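> take this sequence and fold it.
(chains A, B, C and D)
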There are 2 protein chains.
Amino acid sequence: MNDIKPPATDRSEPFQRLGEIGLSNFAPYLMNRLMGRYNADLRQEMAGLGLTTPKMRTLAVLSVIDALPISELAVYAVVEQSTLSRALEQLATDGLVRREPDANDSRVTRVVITDTGRAAFDQLWPTMARIYSQMFNGIPDEERAAFVETLRKMLHNIRKHDF
Amino acid sequence: MNDIKPPATDRSEPFQRLGEIGLSNFAPYLMNRLMGRYNADLRQEMAGLGLTTPKMRTLAVLSVIDALPISELAVYAVVEQSTLSRALEQLATDGLVRREPDANDSRVTRVVITDTGRAAFDQLWPTMARIYSQMFNGIPDEERAAFVETLRKMLHNIRKHDF
DNA sequence: GATTTATAATTGCAAATGCATATTATTCTG
DNA sequence: CAGAATAATATGCATTTGCAATTATAAATC
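Take a look at the predicted model:
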């Protein structure tokens, strides 16, 4: 089992069927499995901190790029805008973020992470880092770098926003 | 912007912070973005066929490996067992799958895809294949193959089941 | 072989989610 | 510059989700 076939090069037909490609050769399937496991593993840890996936992602993104408009944050955090709106409500109530009106465009609300918010993410980060490191266990640095580079190309291919 | 740094090789500290790695170098982030887009794009198409993500994944998996026990199907389809249980209820009502008791172990229910179920998945497949092909647009075959190979290693590293 | 322990699947329930819509502010067009 | 189109965010609502508990069967242990 686990027969390894290269991706199709025959373009004479519109496309192969999934059964022909095989689940273990179908990148979206593998990525969904991988991310499903990753997110499920994290969820347990987050629950202990009173966080959900959207709330955690919000903090993760803001820990890197602070003071984003809500609409951009939704893209970065991969969360529906309406879901994010409610997640921010809770995060603000708990003092992990602040909503600040944009000076130039009064439609826009920018979200700022607080020290408490950073502290909460810092508590979660070791777990994220551990799972991350476990994922790449035994995979050489050059292979990791190539993998990430391919991911970036793919994201560029299908993303709907310039960031 | 978009400064490209190789993954860390300095192991003197327990781990880098996310801000140091950068979102665009952090594989789980990129994969979540990618799969978020992929799944959201598919969802629209599925809605037209009365399918949800769990229902679609069920059909996708069964189109490749039929007659799986529900518990295994949940792993392959990356769906919580309770969610799957209800998805199967709907799929069975719509005649897309059948639940069959296992002959050897009467705790087990095996799920079988029907012709109608295959037809439904066949209707969805062109869209999946199109997005799949769009994702890999401009990426050479060797790079795709290497990418999938790395994914397989990663899944092997973090999966909880032998399949 | 009776009792404990483990596994498969379902279900109750509170919470989270996504879609469509509402609301307010901005930009575009004639 | 008035009116229409667009954009950012919030909210109502039906559905979905995940967790915990339940039921039913099988395997392990004594």
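
> use CA for all of it now, contacts and neighbours both
Will do.

> wait, a helix at A:Asp162?
No. Going by DSSP: H, G, I helix; E, B strand; the rest coil, the assignment for A:Asp162 is coil, not a helix.

> which parts of the helix or strand that contains A:Glu72 are buried?
Take DSSP states H and E as the rule and A:Glu72 turns out to sit in helix A:70-77. Under the neighbour-count criterion of 16 or more other Cα atoms under 10 Å in any protein chain shown, helix A:70-77 has A:Ile70, A:Ser71, A:Leu73, A:Ala74, A:Val75, A:Tyr76, A:Ala77 buried.

> again with stretch A:104-116
Those buried within stretch A:104-116 under the rule 16+ other Cα under 10 Å are A:Val108, A:Thr109, A:Arg110, A:Val111, A:Val112, A:Ile113, A:Thr114.

> can you list contacts of that stretch?
A:59, A:62-63, A:66-70, A:95-102 (Cα atoms under 8 Å, 6 or more residues apart in numbering or on different chains).

> coming back round to it: do the helix holding A:Glu72 and DNA strand C meet?
No. Using Cα under 7 Å from any atom of the strand, helix A:70-77 stays clear of DNA strand C, with a minimum separation of 10.1 Å.

> show me what that helix is packed up against.
helix A:53-64, helix A:81-93, strand A:109-113 (3 or more Cα pairs under 8 Å, 6 or more residues apart in numbering or on different chains; DSSP states H and E).

> where does the residue nearest to A:Met135 when sequence neighbours are not counted land in three-state SS?
Spatial nearest neighbour of A:Met135, chain neighbours left out: B:Met154 (5.0 Å); criterion: Cα to Cα, 6 or more residues apart in numbering or on different chains. Following three-state DSSP, we place B:Met154 in the helix state.

> and the contacts of the worst-scoring helix or strand of chain A on mean pLDDT?
Least confident helix or strand of chain A, by mean pLDDT, DSSP states H and E, is helix A:27-48 with a mean of 90. By Cα under 8 Å, 6+ apart, the list of residues contacting helix A:27-48 from outside reads A:23-24, A:52-53, A:56, A:124, A:127-128, A:131, B:28, B:31-32, B:35, B:76-78, B:132, B:148, B:151-152, B:154-155, B:158-159.

> same deal with stretch A:140-156?
Outside stretch A:140-156, the residues that reach it (Cα under 8 Å, 6+ apart) are A:136, B:6-7, B:9, B:24-27, B:30-31, B:33-34, B:135-137, B:139, B:143, B:146-147, B:150.

> any quick PyMOL command for the buried ones out of those residues?
Per 16+ other Cα under 10 Å, the buried members of the contacts of stretch A:140-156 correspond to this PyMOL selection:
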select buried, (chain A and resi 136) or (chain B and resi 7+24+25+26+27+30+31+33+34+135+136+146+147+150)
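
> before we move on, back to that, let's have the helices and strands packed on helix A:70-77 in CSV, adding mean pLDDT.
Converted to CSV, the helices and strands packed on helix A:70-77 look like this (pLDDT from 0 to 100):
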stretch, mean pLDDT
helix A:53-64, 96
helix A:81-93, 96
strand A:109-113, 97
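
> could you export the ones you listed as CSV, including distance to DNA strand C?
Below are the helices and strands packed on helix A:70-77 laid out as CSV (distance: least, Cα to the nearest atom of the strand, whole Å):
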stretch, distance to DNA strand C
helix A:53-64, 6
helix A:81-93, 5
strand A:109-113, 10
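
> picking that back up, out of the contacts of stretch A:104-116, which end up buried?
A:Leu59, A:Leu62, A:Ser63, A:Asp66, A:Ala67, A:Leu68, A:Pro69, A:Ile70, A:Leu96, A:Val97, A:Arg98, A:Arg99.

> what's the farthest-apart pair in those?
Pairwise distances among the buried ones among the contacts of stretch A:104-116 were taken by Cα to Cα; the largest, 16.2 Å, belongs to A:Pro69 and A:Leu96.

> and A:Thr52, how many neighbours does it have?
Using other Cα atoms under 10 Å in any protein chain shown, A:Thr52 has 17 other residues around it.

> get me the contact residues on chain A for DNA strand D.
Near DNA strand D, when you scan chain A using Cα under 7 Å from any atom of the strand, you find A:40, A:43-44, A:69-72, A:81-83, A:85-86, A:107-110.

> which pair of the residues you listed spans the longest distance?
So, those by Cα to Cα: farthest apart are A:Gln44 and A:Arg107, at 36.1 Å.

> then A:Glu100 would be within a strand, right?
Yes. Looking at A:Glu100 with three-state DSSP, it is inside a strand.

> what distance do you get for the closest residue to it other than its chain neighbours to B:Glu100?
Spatially, and ignoring its direct neighbours in sequence, A:Glu100 is nearest to A:Arg110 (5.1 Å; Cα to Cα, 6+ apart). According to Cα to Cα, to the nearest Å, A:Arg110 and B:Glu100 sit 53 Å apart.

> same thing with A:Leu49?
Following Cα to Cα, the distance that separates A:Leu49 from B:Glu100 is 42 Å.

> now A:Met31
From A:Met31 over to B:Glu100 (counting by Cα to Cα), the distance is 30 Å.

> one step back: could you pull out the buried residues of the least confident helix or strand of chain A?
Result for helix A:27-48 [16+ other Cα under 10 Å]: buried residues A:27-39, A:42-43, A:45-46.
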